Structures are given as structure tokens and as C-alpha cells.
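>>> Take a look and give me a structure for this.
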Amino acid sequence: DEYRFPIERPEGDPWKVCLDKVLEEDKLQCNSWKDEVQNLLIFAGLFSAVITGFSVESYKSLKADPNDTAVIIL
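Numbering: from 1, shown residues only. Predicted structure coming up:
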């Protein structure tokens, strides 16, 4: 052997071995992103619910500006 530490040849098609490793990494990355997006959607839903609740309650206390009413009358 001309190399001190030769690279082992994989059994079967080298491209298939490479594809399997890449697909495994892609699957892990996609699952990670999927979990992250799911958490963001849950947060967005809860945030929207809280803001809606505050908006509904604060809408009841809105009153017309008395200065605008005076300008309209004049």
C-alpha cells in the first residue's frame, strides 16, 4: 500500500452511501425546523389571543374627543 492510512472503500455504490448520509442530516435538520416553527405558531396564537382580549376590553372605554365634537357643532 502506498498510503500510510488508506481510506476504506464503502461497500456498494459510493453515491448511494453519500446520499444516505445527506438524507439523514436533512431529515434531522427538517425535524428541528418543524419543531421550531410549531413553537413559534403556538406563541403567535397565544399572543394574538391576549392582544385580542385587551383590545376588546379597551374598545369599550373609548370615547369621542370633546374638542372634535365642538368643532363639528361650530
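
>>> host element of Lys27?
helix 14-60 (DSSP states H and E).

>>> need the next SSE after that helix, C-terminal direction.
helix 66-73.

>>> for the helix holding Lys27, what is the average pLDDT?
Summarised as a single mean, pLDDT over helix 14-60 is 94.

>>> Off-centre distance for it?
4 Å (CA atoms, centre = their mean, to the nearest Å).

>>> which strands and helices sit next to that helix?
Based on contacts counted as 3 or more CB pairs under 8 Å, 6 or more residues apart in numbering; DSSP states H and E, there is no element that helix 14-60 packs against. Bear in mind the C-beta positions are built from the backbone N, C-alpha and C, glycine included.

>>> so how many other residues sit close to Phe47?
The number of residues packed near Phe47 is 10, by other CB atoms under 10 Å.

>>> which residues touch it?
The contact partners of Phe47, by CB atoms under 8 Å, 6 or more residues apart in numbering, come to none.

>>> distance of it from Glu25?
33 Å (CB to CB, to the nearest Å).

>>> next one: Lys16
15 Å.

>>> swap in Asp68?
63 Å.

>>> what does Tyr3 give?
For Tyr3 relative to Glu25 (CB to CB), the value is 28 Å.
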